[in-house]
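J.: sequence and predicted structure, then a few things I'm wondering about:
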Amino acid sequence: MRRYFFVSLLLAPPVFAQQLPPPPPEAKSACEGQPQGQRCEFIAPHGKVSGQCRDVREGLLCVPDSMPPMLNRSNQRNDQRNKPPKRAKIDIDATTNDAVKTTSRIPDTNQGSCFDNHQKIPCPPKDDAFYGQDAHYAGATPSYTQDKSGTVTDNVTGLMWQQAHNPQRINWYQANQACESLTLAGFKDWRLPSIKELFSIIDFRGVVGQRAYLPDEFDIRPPASLSKNDPFAANHRPEMMGQTWSATKYAGQHWDDPNVEAAFFVNFLDGRIKQAPTRGREGLFYRCVRGPAWGENQFVDNNNGTVSDKMSDLMWQQQDDGKPRNWQEALNYCKGLTLAGHTDWRLPNVKELQSIVNYQRPAPAIDTASFGVSDPAAWYWSSTTHGDDISQADYVCFGKCTSVQGIDVHGAGAQRSDPKLRGARVAQQQGGQQDEIRIENLVRCVR
């Protein structure tokens, strides 16, 4: 009889550790759709096993409570997570005056460096295969006014922000209440920002462990390690301390569970959007805002295969062509597109792309009365390289944002990153939620 693999681990000499059988499928199925730390149980060949869901080398598994700490791979992995990742230093420049100025009213990503599939390069000319990426174009120039009373005003959107990153882990309802109760700089009309408002201040010069994805006017300090007093230090990496609530609830189902209400957040230390339970036990951080709501689309069908958005002053390709492409192919497709008599199409940067998400829809998360969608499950490329790993570029999930198991772990409307090119060293999954890796994504061009 095949014995439960954790029991085998206890009995086997260390030299044979790599020869152990894989975990039983029951250990994996017991934690499907569950967060780390959730209590779990299943029936193994030797009897009933009780434990907690842990992210170990083999994935998210039900790990017995009785495992010695020295053999608990979950503890070993979490110890490594609390150490700053060793990364090559990458300095991403701010948008330069050489960039082509666009009509966009969306604050620019401020990414002024260019990249190929693997490294930082001098920004190439128009006839080059890597022309058309984020740094080649400049949207609305980010402009902020910092006030001594603890506020920062965005001169592009007109929003006034709380400068501080509130360090308390609280649930979504508590964050809403904290903002509504805030009195700052003489104002009492503070609120939790929408996901589009929150994403408007992100700065894509960010690099995990090196520079936050926030303009310098805002306060956030990436910790070198997690506080020993933090109750979730065991399963959180330092860069997760930038997870910041938005007011936008997810219209879909958290981890495909209809009984869990969730809302979106931006992580300003790793530069991504995802969703989390509004009453989750771990809680997230928050930053308040005030001013008229910003980011509501005003789409106009031009009846020529294009859609204009009066909010952003951008024109969009109405129907994608249904062909998945890698990142370089996506750049070149938009660069070569002729549509409605226009030849100045380009791949949108990630903030422009996120601006057309319809967060009132679960999937596809886009206004289908204005846009055609060839695949409701599709993700779409942006022109923005991700500083965490410059061999990857950012995409937005307009369909469900799934794990390799097909679970909607991040939510339609989330923003993640994929390898730019398929290769021998590309993994099958990435991240703590085992994100699906597609590499070939759809394209919707902008001008």
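T.: Nice, thanks for sending it over. Numbers count the residues shown, from 1 in each chain.

J.: and Q52, how many residues sit next to it?
T.: If you count neighbours by other Cβ atoms under 10 Å, Q52 ends up with 18. C-beta coordinates here come from the backbone N, C-alpha and C atoms, glycine included.

J.: quick check: it touching R39?
T.: Yes: contact between Q52 and R39 holds when scored by Cβ atoms under 8 Å: they sit 6.1 Å apart.

J.: could you identify the longest strand within this structure?
T.: Taking DSSP state E as the assignment, the strand of the chain that covers the most residues is strand 47-56.

J.: can you read off the pLDDT for the residue positioned nearest the centre of the chain?
T.: Of all residues in the chain, the one closest to the mean position by Cα atoms, centre = their mean is R272, 2.3 Å from it. In this model, R272 is scored at 97, pLDDT.

J.: ditto for P167
T.: In the predicted model, P167 carries a pLDDT score of 82.

J.: quick one on the thing from earlier: beta partners for the residue nearest to the centre of the chain?
T.: On DSSP bridges, the residues paired with R272 through beta bridges are N267.

J.: what's the spacing between it and Q415?
T.: Distance of R272 to Q415, given as Cβ to Cβ, to the nearest Å: 6 Å.

J.: strand partners (parallel or antiparallel) of the host helix or strand of Q146?
T.: Here Q146 is covered by strand 144-147, with elements defined by DSSP states H and E. Take DSSP bridges as the rule and strand 144-147 pairs in its sheet with strand 151-154 (antiparallel).

J.: can you name the residues in contact with the partner strand?
T.: Outside of strand 151-154, the residues that reach it under the criterion Cβ atoms under 8 Å, 6 or more residues apart in numbering are 107, 142-147, 159-163, 184-185, 200-201, 217-218.

J.: so how far is Q430 from N166?
T.: When distance is defined by Cβ to Cβ, N166 is 29 Å away from Q430.

J.: pretty sure V63 is touching S50, no?
T.: No: using Cβ under 8 Å, V63 makes no contact with S50, being 10.2 Å away.

J.: comparing these two, which residue is more hemmed in?
T.: The residue with more neighbours, out of V63 and S50 and counting by other Cβ under 10 Å, is V63; that gives 23 against 13.

J.: nearest spatial neighbour of the more buried one, skipping sequence neighbours?
T.: R54 (4.2 Å; Cβ to Cβ, 6 or more residues apart in numbering).

J.: and that neighbour, how many neighbours does it have?
T.: Residues near R54, counting by other Cβ under 10 Å: 25.

J.: so it sits against R39, correct?
T.: No: with contact defined as Cβ under 8 Å, R54 does not count as touching R39 (11.5 Å).

J.: how about Q162, what does it touch?
T.: G150, T151, V152, L182, L184, W190, R287, C288, V289.

J.: contact partners for the fifth one?
T.: Listed by Cβ under 8 Å, 6+ apart, the contact set of L184 reads S149, G150, T151, Q162, W190, C288.

J.: quick one: W316 from A393, how far?
T.: Distance from W316 to A393, by Cβ to Cβ: 19 Å.

J.: helices of the stretch 201-350 of the chain, residue ranges please.
T.: For the stretch 201-350 of the chain, the helices identified by DSSP state H, counting those that start in this stretch occupy 327-335, 350-354, in order along the chain.

J.: how about residues contacting the helix or strand just after the last one?
T.: In other words, helix 350-354. For helix 350-354, the following helix or strand on the C-terminal side (DSSP H and E) is strand 379-385. Among residues not part of strand 379-385, those counted as contacts by Cβ under 8 Å, 6+ apart are 109, 111, 113, 115, 132-134, 136-137, 204, 320, 325, 327, 330-331, 346-353, 392-399, 401, 416, 418, 438, 441-444.

J.: can you name the next helix or strand after strand 379-385?
T.: From strand 379-385 onward toward the C-terminus, using DSSP H and E, the following helix or strand is strand 392-397.

J.: off-centre distance for that next one?
T.: A distance of 8 Å separates the C-alpha centroid of strand 392-397 from that of its chain, computed with Cα atoms, centre = their mean, to the nearest Å.

J.: okay, now the domains of this structure?
T.: When the chain is parsed with automatic domain parsing, its domains come out as 5-81, 144-290.

J.: need the winner for burial among those domains.
T.: The highest mean neighbour count among the domains of the chain, using mean count of other Cβ atoms under 10 Å, belongs to domain 144-290: a mean of 19.

J.: now the end-to-end length of it.
T.: 15 Å (Cα to Cα, to the nearest Å).

J.: still on that earlier bit, now for the contacts of Q162: which two are most distant?
T.: Greatest spacing in the contacts of Q162, by Cβ to Cβ: V152 and L182 (14.6 Å).

J.: how much space between N302 and D309?
T.: Counting by Cβ to Cβ, the gap from N302 to D309 is 11 Å.

J.: these two: which has the busier surroundings?
T.: Residue environment comparison for N302 versus D309 gives the larger neighbour count to D309, 22 against 13, counting by other Cβ under 10 Å.

J.: okay, angle between the following helix or strand past the longest strand of the chain and strand 47-56 too, please.
T.: Note on strand 47-56: by DSSP H and E, the next helix or strand toward the C-terminus is strand 59-64. Put simply, strand 59-64 runs at 140 degrees to strand 47-56, going by axes from the mean of the first three to the mean of the last three Cα atoms, to 10 degrees.

J.: what is strand 59-64 packed up against?
T.: helix 25-29, strand 39-44, strand 47-56 (3 or more Cβ pairs under 8 Å, 6 or more residues apart in numbering; DSSP states H and E).

J.: repeat the analysis, applying 6 Å as the threshold.
T.: Strand 59-64 is packed against helix 25-29, strand 47-56, with contacts defined by 3 or more Cβ pairs under 6 Å, 6 or more residues apart in numbering; DSSP states H and E.
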